[in-house]
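Enquirer: Here is a sequence with its predicted model. Questions after.
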Amino acid sequence: MKKRKLGNAGPEVSEIGLGCMSLPDDMAAASRIIDAALDAGITYFDTADLYGKGRNEELTGKALGKKRKDVVLATKVGNRWQDGEDGWTWDPSPEHIRKSVHGSLRRLGTDYIDLYQLHGGTSDDDLDAVIDVFDELKNEGLIREYGISSIRPNVFNPFLGQSGAVSVMMQYSLLDRRPEEWFRAIRENGASVVARGPLAKGLLTEESAERAAQSDGFEFYSQAELKEITDAFTRLPGSLHAAALGFILGHGEVSSAVAGASSDRQLEETIRAYRDMPDEETIRAYAALTKSSRYEKHRD
């Protein structure tokens, strides 16, 4: 599998990353998926302290085991679980971040995190304080690089502009092209895009028609529009799954497309699609059927 550099200063990561949030809460099953990912050449693994109240970090760390040193391990911070409650609150304070990084290190079974990401953010956050503590953690060797996971331009733009962040994780796919407006600015700030949701909840796989029929729409597409577009996809050559990955990786600003997998079969389908990505002309034909949109909120 090919690799790309994460921003100007970050490590190289595999073009397909594994989104660990979808791993089953079973050690044996999770290990099979991670082992298959490693065998396929995937070196980028993404999790968060939020997923399963830290359980996902534990599964990921144990499944990687001795292979941990061979991969780029990313996790996220900023959400605080409430004891005895189902929800969580947003807490980007330096105190919470510094406490949380040690919890993540313990659960992941490692002494450093390759990429530590702010898991969201608002325009009211003290980003300078967040950046300061990330820089401190980097100087202490607890993290190697840092970035942000956000779809809010009024958060990720100032964060990137004021820091040494190497990445911004954003939802990006054939069916959600809003990030494209900001690709140039992200690159000019020395960072790159990590694309999450590349398959749009399965709408960009061979199950597209079934998923469209069962959905209430997706982002700015109504259910009727989804049915129409997924039907149009079937009239194009090649695999929709492969075209979806090729579309994302056709942008040099993207370092990795992070796909989830809750089973060996799902991972195998993504790896096969990656190996069968169509030519640029075919990918352009798929893209021509979709909307080129922009973020309407969180701009100022």
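Expert: Received it, and whenever you're ready, just let me know what you need.
Enquirer: Strands of this structure, start to end?
Expert: Taking DSSP state E to define them, one finds strands in the chain at 3-5, 12-14, 16-19, 44-46, 72-77, 79-81, 88-90, 113-119, 143-149, 167-171, 192-196, 254-260.
Enquirer: between these, which gets nearest to residue 157?
Expert: strand 167-171 (9.2 Å; C-beta to C-beta). For glycine as for every other residue, the C-beta is placed from the backbone atoms N, C-alpha and C.
Enquirer: And the closest one, what's buried?
Expert: Under the neighbour-count criterion of 16 or more other C-beta atoms under 10 Å, strand 167-171 has 167, 168, 169, 170, 171 buried.
Enquirer: ok, how many other residues are close to the nearest residue to the last one once chain neighbours are set aside?
Expert: Once its chain neighbours are removed from consideration, residue 171 has its nearest residue in residue 197; the separation is 4.4 Å (C-beta to C-beta, 6 or more residues apart in numbering). Burial measure for residue 197: 21 neighbouring residues, criterion other C-beta atoms under 10 Å.
Enquirer: What of residue 26?
Expert: Every residue meeting other C-beta under 10 Å relative to residue 26 is counted, giving 10.
Enquirer: so where is the stretch 201-300 of the chain shaky, pLDDT-wise?
Expert: When the per-residue scores of the stretch 201-300 of the chain are filtered using pLDDT under 70, no range remains.
Enquirer: So which residues of it form helices?
Expert: Read by DSSP state H, counting those that start in this stretch, the stretch 201-300 of the chain holds these helices, from start to end of the chain: 208-214, 223-233, 240-249, 264-275, 280-287.
Enquirer: Among the ones you listed, show me which one is buried the most.
Expert: Looking across those with neighbours counted as mean count of other C-beta atoms under 10 Å, the highest average goes to helix 240-249: a mean of 25.
Enquirer: what's that helix packed up against?
Expert: Using 3 or more C-beta pairs under 8 Å, 6 or more residues apart in numbering; DSSP states H and E as the contact criterion, the elements in contact with helix 240-249 are strand 254-260, helix 264-275, helix 280-287.
Enquirer: The shortest one - contacts with which helices or strands?
Expert: Helices and strands touching strand 254-260, by 3+ C-beta pairs under 8 Å, 6+ apart, are strand 3-5, strand 12-14, strand 16-19, strand 44-46, strand 192-196, helix 240-249.
Enquirer: looking at those, which is closest to residue 207?
Expert: So among the helices and strands packed on strand 254-260, helix 240-249 is nearest, using C-beta to C-beta, at 9.3 Å.
Enquirer: ok, residues contacting that closest one?
Expert: Around helix 240-249, the neighbours that count as contacts under C-beta atoms under 8 Å, 6 or more residues apart in numbering are 15-16, 172-174, 195, 198-200, 204-206, 208, 233-234, 236, 254, 257, 259, 269-270, 273-274, 276-278, 282-283, 286-287.
Enquirer: Check the gap between the closest residue to residue 9 other than its chain neighbours and residue 93 for me.
Expert: Of all residues beyond its chain neighbours, the one nearest residue 9 is residue 166 (5.7 Å), with distances taken as C-beta to C-beta, 6+ apart. Relative to residue 93, residue 166 is positioned 23 Å away (C-beta to C-beta, to the nearest Å).
Enquirer: One more: residue 183?
Expert: From residue 183 over to residue 93 (counting by C-beta to C-beta), the distance is 31 Å.
Enquirer: Could I get the helices and strands packed on strand 254-260 in CSV, plus columns for distance to residue 110?
Expert: As requested, these are exported to CSV (distance: least, C-beta to C-beta, whole Å):
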stretch, distance to residue 110
strand 3-5, 21
strand 12-14, 17
strand 16-19, 16
strand 44-46, 11
strand 192-196, 20
helix 240-249, 28
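Enquirer: dump the residue contacts of residue 91.
Expert: Taking C-beta under 8 Å, 6+ apart as the criterion, residue 91 is in contact with 78, 79, 80.
Enquirer: Now for the residues you listed, which sits with the most neighbours around it?
Expert: Among the contacts of residue 91, the one with the most neighbours (other C-beta under 10 Å) is residue 78, at 26 neighbours.
Enquirer: quick revisit: distance to residue 224 added to the strands of the chain, as JSON lines?
Expert: Rendered in JSON lines, the data for the strands of the chain read as follows (distance: least, C-beta to C-beta, whole Å):
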{"stretch": "strand 3-5", "distance to residue 224": "37"}
{"stretch": "strand 12-14", "distance to residue 224": "37"}
{"stretch": "strand 16-19", "distance to residue 224": "29"}
{"stretch": "strand 44-46", "distance to residue 224": "34"}
{"stretch": "strand 72-77", "distance to residue 224": "35"}
{"stretch": "strand 79-81", "distance to residue 224": "35"}
{"stretch": "strand 88-90", "distance to residue 224": "35"}
{"stretch": "strand 113-119", "distance to residue 224": "34"}
{"stretch": "strand 143-149", "distance to residue 224": "32"}
{"stretch": "strand 167-171", "distance to residue 224": "22"}
{"stretch": "strand 192-196", "distance to residue 224": "26"}
{"stretch": "strand 254-260", "distance to residue 224": "27"}
